[in-house]
Structure formats: structure tokens, C-alpha cells
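*Asks:* below are the sequence and a predicted model; questions follow.
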Amino acid sequence: MQSDQDKWNLRHKNNPIPSEPLALLRQFITAAPRGKALDIACGMGRNSRFMRDCGFEVESIDISDFAITSLQNERNIYAHCADLDSFKILPQNYHIICNSYFLERRLFPLMCEGLKKGGILVFETFAKSEIESHNAFASDSSHLLHKNELLHAFLDLEILFYEETLIPRAKDSSLALVARLVGRAN
């Protein structure tokens, strides 16, 4: 059986690297006070580089050592290879946390605790749709959020933005349901 690290190393080696950061991150980056950022499941670093270019010192975490190697010599990016199934987020340490297309529910309360007062969480990932063709992972729905799950998980934050919407998927132009949230720590 293929390990998670091997699976993600192959995916990052064989797929085109997205260079544009999340639109939601671009839209709300100015709402975060400058300081430290955390990019969870950073992949090849599109969001890490954007946050760095906006003045943040970025801690970038991913299970793929291939992806992390691509970020090793980047100024103001501190990349670490770690299994997010057991990763710990330091409390009150970050001004912004970005979680892009990764789902580990165990991290939800740690993300809230990891934000400094006034810090921003930007979270976007796939959600389960009643229309089967709109599910990104039809074979494993445990990787999909349930209706309003993301919203309910972060009600301790001031919700600045929330939506569940269909987006076109790059690989085949089909549609997939995503949930998007931006919250501020009180």
C-alpha cells in the first residue's frame, strides 16, 4: 500500500504546479495583521509565497518532502515536512492561517487556538454535494465536508465570509462543491 507521503510526492511531481494563490486569500490578506503565517498542507507553496510577498514570515507544512524541498531556500519561508495527522499548532502564534484543499478535522480547534487576537483563518476545501457528480472524491466521502460543517466548526471566530459554492475543476472542467470560510480570532 502506498504511503501518504509517496502519494503526495507523485502528485506534486506529475501535476502542473498552480502558481496563483487562493482567490479568498488574495481577497482577505489585508484583514490580517502582519506577522507570522501558517500554510497547512502547503503543497508547492503558492499560498506560502503569496503570504511572504505580502509581508508575512511563513511556516509551511506538508507531508510531501518533494514539495517542501521546493521551498527550502525561499526567503521568509520556513518549510517543514510533517504528517498533518499528528501535527500540533502552537497556541496564539499566528496572524494568519491558510488551509487550502486539505481536511483534517482534528486540527479545527487547534487552528482557532493557534491564531493571535485579530488573526485571520482562511479555509477552503471540498464539500459533499447531494449531486454525486459534484463530489470531488466520490470514492471517499470522509475527505469532504458536510453541509455547514466548516461554518459550525469555527463559530468561536468572528465569521467574515462563508459560502458553499460550485467551482470548475481544472483537470476536467467538471464542477465540484467547495466550502470557503474566513474568520477572525476575538
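*Replies:* Arrived safely, thanks for sending.
*Asks:* okay, how far is it across stretch 29-45, tip to tip?
*Replies:* One end of stretch 29-45 to the other measures 16 Å (Cα to Cα, to the nearest Å).
*Asks:* actually stretch 29-48, not the one I wrote
*Replies:* This stretch, stretch 29-48, spans 12 Å end to end (Cα to Cα).
*Asks:* avg pLDDT for it?
*Replies:* In this model, stretch 29-48 has an average pLDDT of 97.
*Asks:* identify each buried residue in it, please.
*Replies:* 29, 32, 36-48 (16 or more other Cβ atoms under 10 Å). Placement of C-beta: from N, CA and C, glycine included.
*Asks:* try stretch 178-186
*Replies:* Neighbour-count burial for stretch 178-186 [16+ other Cβ under 10 Å]: Val178, Ala179, Arg180, Leu181, Val182, Gly183, Arg184, Ala185.
*Asks:* and the nearest residue to Leu144 once chain neighbours are set aside, how many residues sit next to it?
*Replies:* Setting aside the residues directly before and after it, Leu144 is nearest to Lys128 in space (Cβ to Cβ, 6 or more residues apart in numbering), at 4.0 Å. Lys128 has 20 neighbouring residues, counting by other Cβ atoms under 10 Å.
*Asks:* didn't Pro21 look like it was pressed against Gly45?
*Replies:* No. Contact status for Pro21 versus Gly45: not in contact, 9.8 Å apart, counting by Cβ atoms under 8 Å.
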